[in-house]
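**Student:** Quick one, fold the following:
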Amino acid sequence: MACLSVDTRFGRLTLHEEDGAIVSLCWNGTDEGTPTPLLLEAVRQVKAYDDGTLEQFDLPMRVRGSAFQQAVCDVMRAIPFGDTLTYGDIAKKLGAMPQAVGQACGGNPIPVIIPCHRVMGAKGLTGFSGAGGVETKVALLRHEKAAGLLI
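**Tutor:** So this is what the prediction gives:
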């Protein structure tokens, strides 16, 4: 698996590619292998998102996990830049319980690109599995001018 990192206002993000698809994003990883055209394009898109010139990622991705995990990630990918949904909204779409959606959001292997930060609790802000926790979630939402409840 090849890995390539990019420094952003949200921290150092490391993208992992396997068999022609982005399979994970983590914070503070290390570069490995030869950068592939896909990793170079992914880094370009992450930089553009960070610069405010990209609102939707267009990258081949593969989410490892159950069919439910994949379905939750599909719904999250469809949340527009600057918008949010609640765990309950996604649960209704999938005929599931909000708690199960929350667990699937927390297990998102490609945060930022699959925007789990755009998912909120019924009463507002909730946790975030990325580095920096909820502070990073707030920074991502502010960057997108989302969730009017945030100052």
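**Student:** distance of the nearest residue to residue 1 once chain neighbours are set aside from residue 132?
**Tutor:** In this structure, residue 1 finds its nearest non-sequential neighbour in residue 18, 4.8 Å apart by Cβ to Cβ, 6 or more residues apart in numbering. Every residue, glycine included, has its C-beta placed from N, CA and C. Distance, residue 18 to residue 132, using Cβ to Cβ, to the nearest Å: 26 Å.
**Student:** cool, residue 112 as well?
**Tutor:** Using Cβ to Cβ, one gets 12 Å for the distance from residue 112 to residue 132.
**Student:** higher neighbour count, these two?
**Tutor:** residue 112 (22 against 14; other Cβ atoms under 10 Å).
**Student:** Mind checking what secondary structure that one has?
**Tutor:** Classification of residue 112 using DSSP: H, G, I helix; E, B strand; the rest coil returns coil.
**Student:** try the one 5 residues further on
**Tutor:** At residue 117, secondary structure determined by three-state DSSP is helix.
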